[in-house]
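# Have a look at this prediction, sequence included:
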Amino acid sequence: MSLIIKPCNFCNRPVAKGSGTMFAKNDGTVMWFCSSKCRKNMTVLKRDPRKFKWTGKYVKGGIRK
Ligand SMILES: [Zn+2]
């Protein structure tokens, strides 16, 4: 039995299938989150993960335009 590992859509940490949260958007896009914290940040607060140091997507020195 193999587990499918997906990166969390917010913090980029690997999420094993069966753990974490799957979120399907109205347009059909499926997103994976390691925790409700990440899900909330992405779907409710609509934060940019590149702005937060605790995510794996953090961009040092700011986001290039
Ligand atoms: Zn996460």
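Thanks, I have it.
# how about the residues of the chain that lie near the ion?
Within the chain, the positions near the ion by CB under 5 Å from the ion are 8, 10-11, 34, 38. Quick note: C-beta positions are derived from backbone N, CA and C, even for glycine.
# Next, format the residues you listed as a markdown table and append secondary structure and pLDDT.
Below are the residues of the chain next to the ion laid out as a markdown table (DSSP: H, G, I helix; E, B strand; the rest coil; pLDDT from 0 to 100):
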| residue | secondary structure | pLDDT |
| --- | --- | --- |
| 8 | coil | 95 |
| 10 | coil | 97 |
| 11 | coil | 96 |
| 34 | coil | 95 |
| 38 | helix | 96 |
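# Out of those, which two sit at the greatest distance?
Across these, the longest distance by CB to CB is 7.9 Å; it joins 10 and 34.
# Need the residues touching each of these two.
Counting by CB atoms under 8 Å, 6 or more residues apart in numbering, no residue touches both residue 10 and residue 34.
# Quick check on these two: which one has the bigger neighbour count.
Using other CB atoms under 10 Å as the criterion, residue 10 and residue 34 rank with residue 10 on top: 26 against 21.
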